[in-house]
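Engineer: Structure of the sequence below:
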Amino acid sequence: MKTRKTPQRKCIATQEMFEKRDLIRVVRTPEGDVKLDLTGKASGRGAYISRSLEAFDIVKKKKMLGRTLKTDVTDDMYEQLEQEFARHVRR
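Structural biologist: Now for the predicted structure:
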């Protein structure tokens, strides 16, 4: 029997490869909204972040989402994403 490959994605903060389900996807929708995509299936350009507050702090400090998603991400948007992200982080 053939085994299925497990999808791998790279964290934009740590540059490490993880299984897709171990990361949180941030997506820029076709409408231009930036939000967390917990299903991993939302349409739009996405970026993956490790499930740790340290990883999100790196992303926020270096303003990596704007570059990766090719859109402007304001400080207020980072604050909203951080609050939502914190609810889904492993402790």
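Engineer: okay, and for the protein, where does confidence drop off?
Structural biologist: 90-91 (pLDDT under 70).
Engineer: Longest helix in it, by number of residues?
Structural biologist: helix 75-86 (DSSP state H).
Engineer: my read: residue 30 touches residue 42, true?
Structural biologist: No: using CB atoms under 8 Å, residue 30 is not in contact with residue 42, being 9.8 Å away. (Each C-beta comes from the backbone N, C-alpha and C, glycine too.)
Engineer: picking that back up, next one: the longest helix of the chain to chain centre, how far?
Structural biologist: Once both centres are worked out by CA atoms, centre = their mean, to the nearest Å, helix 75-86 turns out to sit 12 Å from its chain's centre.
Engineer: Between residue 30 and residue 42, which is the more surrounded one?
Structural biologist: Counted by other CB atoms under 10 Å, residue 30 and residue 42 do not tie: residue 42 has more neighbours, with 17 against 10.
Engineer: Find the residue closest to that one in space, skipping its chain neighbours.
Structural biologist: Spatial nearest neighbour of residue 42, chain neighbours left out: residue 27 (4.8 Å); criterion: CB to CB, 6 or more residues apart in numbering.
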